[in-house]
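Peer 1: Provided below for reference: sequence and predicted model.
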Amino acid sequence: MTPAVELGGVTKRFDEVVAVDNIDLTIADGEFFAMLGPSGCGKTTTLRMIAGLEFPTQGSLRIFGDEVGTLAPNKRPVNTVFQNYALFPHLNVRDNVSFGLRMQGLNKAEAARRAEELIDLVQLSGMEKRKPSQLSGGQQQRVALARALVNEPKVLLLDEPLGALDLKLRQEMQTELKGLQRNLGVSFVFVTHDQEEALTMSDRIAVMDEGRLLQVGTAEDLYERPANRFVADFIGHTNLIDATVVDSSTIALANGTRVAGTTSEAAGTAVALSLRPESMQIGRSTDAVPGDGATRLSGTVTEVTYLGLAIMYKVAIDFIEVDVRADAVPPDDRLAVGDTATVWWEHDAEWIVPGAQ
Amino acid sequence: MRTRIAGVQPPRQATPEFEAANLRQRKRRGLLMALPAYTYLVTFFALPLLVVVVYSFATRNRFGGTDLSGWNLDSYQQIGNELVRQVLVRSLILALITTALCLVISYPFAYFMSTRKPVVRNLMLVFVMIPFWTNFLVRNYAWYVILGTDGPLSRITEFVGIGATRVLFTQTAVVLGLVYGFLPFMILPLYAAIERIDGRLLEASRDLYASGLQSFRHVLLPLSMPGVVAGSILVFIPSLGAYVTPEVLGGAKTTLLGSYIVTQFLSSRNMPFGAALSTVLMVIMLTAALVYFRRGGRTL
């Protein structure tokens, strides 16, 4: 099957700044694909290149097999939902939605009829005559969505479409967007800096930083098997503990503790051990010690944070400070700041990523 | 002074009485600040205008003076004369041509300027303003020299083989001079209007299958309409009443409204008629200005 979007060695330079650095990426037809990264990582530039609003400096860009590198945006079978929507302020809702159809030469009546269908789909019936300024943020969002989808694009590009909405509305729209994408069967390419948004909605996620593509995979891939420090740190919450490879099945932490860990890196290479707070255990130093497979470290509790269902402990171990998440227990049974604690984890909680700090 | 963030409810204690008192105080303070400007405008602007209007209903006496008695509409009836109508129509046409030319020249320039980096933008703004540093009359005489019989323009056309040009003392020369003189009044409001348009709207239109031309026609132009209206009126009004440029570049053959009015006051000594013409001109301009304030006044 021809992929919806295919980027081969795409680079974008603005004067001296490399915004996107040699990216290879394939987005399948019908996929909900997220591009995730901090601001300035190049995700929006990548999206704009797919839309045709920027042209790549180098590389190949295909949409359904057709090379579109320097094709004008109005000649591409893609549409964009812009950040802050970019609705035409001088046109009412109906004219905004039918704009694309009218520009393609469809007659007024037919364009209005199709616009009506989409306005209905995004549940804005009765608001056709309103100007964008008379709509709430959520309603503007829906108009932007309808305005793009009415053209039946082969790929829908969304640039932080939910960024301007408040939390509750955002969560509602996440569900709606996902449902819409499933029903339409169209590829959605979704740019966001919100990892939770990316994790909950996407089939696959690309993590970017400083113009480079760091990892592409499912939410589970990224969370359970991050390819490097950045992804491990960016997705969810993790403790990164510096370590050195001893041999192919052992690494040594900075304080000399040896930990069993499989790695393909050469002996002596700096790596980091990624440990999720929820996959570690904590107990009083006097508690019964767990079985043999576990690695144990002891330290002092420096912070206790109540999270409702859980409690987050910050524990200072001689060479590092780690966060450990434990089930909530009554206050009397909790560790307190200053207590000596033992932190341990099973072998399968470990994940080794390459690279030093 | 209290500032309020848009959308935030006013604090509870702001009862209607407090609000009203607050408003009164602010109004009083505003009036006091504006008083010097008001006084100046009333004394030196509104009163003389009133005198003009009053004179337009007076009678010219045999010695070229004006009798402020026997009020009548004779001067207004004179406007219907064939000669006067010709002058009026000619002036209107020239003003319209000038406005249209200014618009066509300024729009691309203003768009280009508003899409540049701030440094380039400011530099271009300075260039637009430079002509204002020299006296208007002097600049018109510069054109007089350029367009003159043995002037640079004629020399150039002669040199390239088209033969000598005689532009000076034609309506073309007048339009040229007017366009040159009033171009900044078109560029500035256009720039102000285009500059505030969100560039992403143009991108969105391109994304929605608009060609460059369609994008201009359906997004850029409608959104910059306040600037177009403002600039057109700012050029049309002074073009209609222009005196210096037609005098210097138009010669004696094609009388325009400005010169005609001056003639009434000076050589013809028919002040009521001159005043009536001025009043009509003022009404036309006022109408145009009202359109401007209703449609596009917000851009300046």
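Peer 2: Looks like it arrived, so ask away. Numbering: from 1, shown residues only, chains lettered A, B, ... in the order given.

Peer 1: how far away is the closest residue to A:Y85 other than its chain neighbours from A:L87?
Peer 2: Of all residues not flanking A:Y85 in the chain, A:A144 sits nearest, at 4.0 Å (CB to CB, 6 or more residues apart in numbering or on different chains). Glycine gets a C-beta too; all of them are placed from N, C-alpha and C. Noted for A:A144: a distance of 6 Å to A:L87, by CB to CB, to the nearest Å.

Peer 1: The residue nearest to A:Y85 and A:F82 touch, don't they?
Peer 2: Yes - with contact defined as CB atoms under 8 Å, A:A144 counts as touching A:F82 (6.7 Å).

Peer 1: Quick check: residues of the stretch 151-300 of chain B near chain A?
Peer 2: Neighbours of chain A within the stretch 151-300 of chain B, by CB under 8 Å from any CB of the partner chain: B:198, B:200-201, B:203-211, B:214, B:218-219, B:222-223.

Peer 1: again, only this time at 6 Å
Peer 2: Residues of the stretch 151-300 of chain B found near chain A (CB under 6 Å from any CB of the partner chain) are B:200-201, B:203-204, B:206-211, B:214, B:222-223.

Peer 1: Export those to JSON lines and append columns for neighbour count and pLDDT.
Peer 2: Converted to JSON lines, those look like this (neighbours: other CB atoms under 10 Å in any protein chain shown; pLDDT from 0 to 100):
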{"residue": "B:R200", "neighbour count": "17", "pLDDT": "94"}
{"residue": "B:L201", "neighbour count": "19", "pLDDT": "96"}
{"residue": "B:E203", "neighbour count": "20", "pLDDT": "96"}
{"residue": "B:A204", "neighbour count": "29", "pLDDT": "97"}
{"residue": "B:R206", "neighbour count": "24", "pLDDT": "96"}
{"residue": "B:D207", "neighbour count": "28", "pLDDT": "96"}
{"residue": "B:L208", "neighbour count": "30", "pLDDT": "96"}
{"residue": "B:Y209", "neighbour count": "23", "pLDDT": "96"}
{"residue": "B:A210", "neighbour count": "23", "pLDDT": "96"}
{"residue": "B:S211", "neighbour count": "14", "pLDDT": "95"}
{"residue": "B:Q214", "neighbour count": "17", "pLDDT": "96"}
{"residue": "B:P222", "neighbour count": "14", "pLDDT": "94"}
{"residue": "B:L223", "neighbour count": "19", "pLDDT": "94"}
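
Peer 1: Now, those that are in helices?
Peer 2: B:200-201, B:203-204, B:206-207, B:214, B:222-223 (DSSP state H).

Peer 1: Which two of these have the greatest separation?
Peer 2: Greatest spatial distance among those (CB to CB): B:D207 and B:P222, at 18.0 Å.

Peer 1: what number of residues lie near the spatially closest residue to A:T57 that is not a sequence neighbour?
Peer 2: Excluding its sequence neighbours, the residue lying closest to A:T57 (CB to CB, 6+ apart) is A:R13, at 4.7 Å. For A:R13, the count of nearby residues is 14 (other CB atoms under 10 Å in any protein chain shown).

Peer 1: Strand partners (parallel or antiparallel) of the helix or strand of chain A with the lowest mean pLDDT?
Peer 2: Within chain A, confidence by mean pLDDT, DSSP states H and E is lowest for strand A:258-260 among all helices and strands, at a mean of 82. Within its sheet, strand A:258-260 is paired with strand A:250-253 (antiparallel), according to DSSP bridges.
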